[in-house]
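Colleague: Let me see the structure of the following:
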Amino acid sequence: MPIPPAPHDALATPVASFDAAGRLLECNPALASWLGVSARRLQGLGLDALDAEGGRLTALLPELVAGGGEPLRVHRARLAFPGGNEKWAELWLTPLGDGGALLEVHPTGEFPGEDPATALPAALSAALKGLAHEIRNPLAGMRGAAQLLQRRALARGGNEDEHALIGLVLSEVDRLAALVERLMHPAPPSALVALNIHTALERVRQLADAEAAWSVKLVRDYDPSLPPVLGDEDRLAQSLWNLVRNALESGASTVSLRTRAEHGVLIGDTAHRLVVRVEIADNGRGVPEDLAERIFLPLVSGRAEGTGLGLPLAQQVAREHGGSLGYRSRPGHTVFTLLLPVPQPEPETEPAADESDEADPGAAQVGEGRDNDSAQAGHHV
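Modeller: Okay, the predicted model is just below:
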């Protein structure tokens, strides 16, 4: 009688199981095919051997076991067979009863290169500020000269073309001066307070309605049950408006604002039980392929009239809130995704026993029992 195949063998999704030490026990053909090797060559390999990020996944195994059985999502992971090409994927790690884990792999081309959050070193950021400082002084001189030309043209009754050209010089100098000011003095973050993310989204929707009018269809797909997040409403609204405005300027006819809750998400090196997911989707031209890996860098724009500061600012706001900003794009379908962690309630603590309790041995024993129960409950959480 033939032996039936393992339950995961028929799945198109790459799947593997690991023991408590991180050694691969079994995998389905889809995972072997995705990594470009045979399943037999994968047997017995450690999770750290497949992890192209230096043990990031292995370090999550103890945290996964302590998470109360909840699966953990790992964003933008890199896997590779030793000596092979790196593959990008979204991962789900589900704890198994023996301390091991089930790995579910969702291949993605969403982030084809280096993490845009770390692509710009601090030295380049400092150089940009220095460059902005050097540009500011000549701009002030250019504006003064243009104003002098404007006064002389008015005194002698210059023609309309002359006035228009001087006005153009003044407007461009003002635009560059505003750009320099934003580079040199970014707005400092304010204290974060509990807020409903839909409040910021509705402000953005109203701005989009005023700018796009009837030419773009705005679709709202909100989850009204979402818990509040800790945030700065003005900064979040500015970040979201930058994303929506990019969508409007991409030639889109439909822009969607969508919110959902996600459980067990890893942002950076921090695991969060619950996050709010905000998606800005459009059917415009998409991100140019040659800008895909640089889209979050300052001064990088796909439009001649663009400043290249909207997306870096949006990503900076996401970091200020302990979240992340990513995207996936193809012509006709672009989605920018903002993840914001939901704060977890602090464990309740019992008040200290007063003097009358200390004088009564029976009361002291009750107080000790409460303290032990609280400690156990806190450890469980």
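
Colleague: Downstream of the helix or strand where Val204 lies, the next helix or strand is which one?
Modeller: Following DSSP states H and E, one finds Val204 within helix 197-212. The helix or strand immediately downstream of helix 197-212 is strand 217-221, counting by DSSP H and E.

Colleague: That next one relative to helix 197-212, how many degrees between them?
Modeller: Angle of strand 217-221 versus helix 197-212, following axes from the mean of the first three to the mean of the last three Cα atoms, to 10 degrees, is 170 degrees.

Colleague: mind saving the C-alpha coords of strand 217-221 as PDB?
Modeller: Extracted C-alpha coordinates of strand 217-221, given in PDB (Å, rounded to 0.1, in the frame of the first residue of the first chain):
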ATOM      1  CA  LYS A 217     -13.200  58.500  -6.800                       C
ATOM      2  CA  LEU A 218     -12.300  58.200  -3.100                       C
ATOM      3  CA  VAL A 219     -13.200  54.900  -1.500                       C
ATOM      4  CA  ARG A 220     -13.300  54.400   2.300                       C
ATOM      5  CA  ASP A 221     -13.000  50.900   3.700                       C
END
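
Colleague: Name the next helix or strand downstream of that strand, please.
Modeller: strand 229-231.

Colleague: residues in contact with that following strand?
Modeller: 192-195, 197, 200, 276, 321, 340-343 (Cβ atoms under 8 Å, 6 or more residues apart in numbering). Where C-beta positions appear, they are placed from N, C-alpha and C, glycine not excepted.

Colleague: Tell me the secondary structure at Arg73.
Modeller: Following DSSP: H, G, I helix; E, B strand; the rest coil, the label given to Arg73 is strand.

Colleague: Show me what it bridges to in the sheet.
Modeller: Trp92, Val265 (DSSP bridges).

Colleague: so who does it touch?
Modeller: By Cβ under 8 Å, 6+ apart, the residues touching Arg73 are 90-93, 262, 264-266.

Colleague: can you put the residues you listed in CSV and add neighbour count and distance to Ser256?
Modeller: As requested, those are arranged in CSV below (neighbours: other Cβ atoms under 10 Å; distance: Cβ to Cβ, whole Å):
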residue, neighbour count, distance to Ser256
Glu90, 16, 21
Leu91, 20, 26
Trp92, 18, 25
Leu93, 24, 30
Glu262, 14, 18
Gly264, 19, 25
Val265, 21, 21
Leu266, 22, 26
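
Colleague: and which of the residues you listed is nearest to Pro107?
Modeller: Using Cβ to Cβ, Glu90 comes nearest to Pro107 of those, at 8.3 Å.

Colleague: Return the set of buried residues in the helix holding Val204.
Modeller: 197-198, 200-201, 203-205, 207-208, 212 (16 or more other Cβ atoms under 10 Å).

Colleague: Same check on stretch 64-77?
Modeller: Going by 16+ other Cβ under 10 Å, stretch 64-77 has these buried residues: 64, 67, 71-77.

Colleague: Kindly state the domain boundaries assigned to this protein.
Modeller: In the domain annotation for the chain, the residue ranges read 15-107, 122-184, 193-341 (automatic domain parsing).

Colleague: Make TSV out of those and add mean pLDDT and distance to His8.
Modeller: Shown next, in TSV, are these (pLDDT from 0 to 100; distance: least, Cβ to Cβ, whole Å):
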stretch	mean pLDDT	distance to His8
domain 15-107	82	4
domain 122-184	79	45
domain 193-341	83	20
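
Colleague: among these, which is nearest Asp9?
Modeller: Among the domains of the chain, the nearest to Asp9 by Cβ to Cβ is domain 15-107 (5.0 Å).

Colleague: Could you check how far Phe81 is from Leu31?
Modeller: Distance of Phe81 to Leu31, given as Cβ to Cβ, to the nearest Å: 10 Å.

Colleague: what touches both of these two?
Modeller: Contacts common to Phe81 and Leu31, judged by Cβ under 8 Å, 6+ apart, are Leu42.

Colleague: Neighbour count: the two, which is higher?
Modeller: Leu31 (24 against 19; other Cβ atoms under 10 Å).

Colleague: My guess is that one contacts Pro14. True?
Modeller: Yes - contact criterion Cβ atoms under 8 Å: Leu31 and Pro14 qualify, at 3.5 Å.

Colleague: Now do the shared contacts for the two.
Modeller: Val105.

Colleague: which residues in this structure form helices?
Modeller: 29-35, 39-42, 47-50, 60-65, 122-156, 160-184, 197-212, 233-248, 310-320, 355-359, 361-380 (DSSP state H).

Colleague: JSON lines please, covering these and showing distance to Tyr222.
Modeller: Formatted as JSON lines, the helices of the chain follow (distance: least, Cβ to Cβ, whole Å):
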{"stretch": "helix 29-35", "distance to Tyr222": "35"}
{"stretch": "helix 39-42", "distance to Tyr222": "43"}
{"stretch": "helix 47-50", "distance to Tyr222": "38"}
{"stretch": "helix 60-65", "distance to Tyr222": "31"}
{"stretch": "helix 122-156", "distance to Tyr222": "35"}
{"stretch": "helix 160-184", "distance to Tyr222": "31"}
{"stretch": "helix 197-212", "distance to Tyr222": "6"}
{"stretch": "helix 233-248", "distance to Tyr222": "13"}
{"stretch": "helix 310-320", "distance to Tyr222": "19"}
{"stretch": "helix 355-359", "distance to Tyr222": "50"}
{"stretch": "helix 361-380", "distance to Tyr222": "33"}
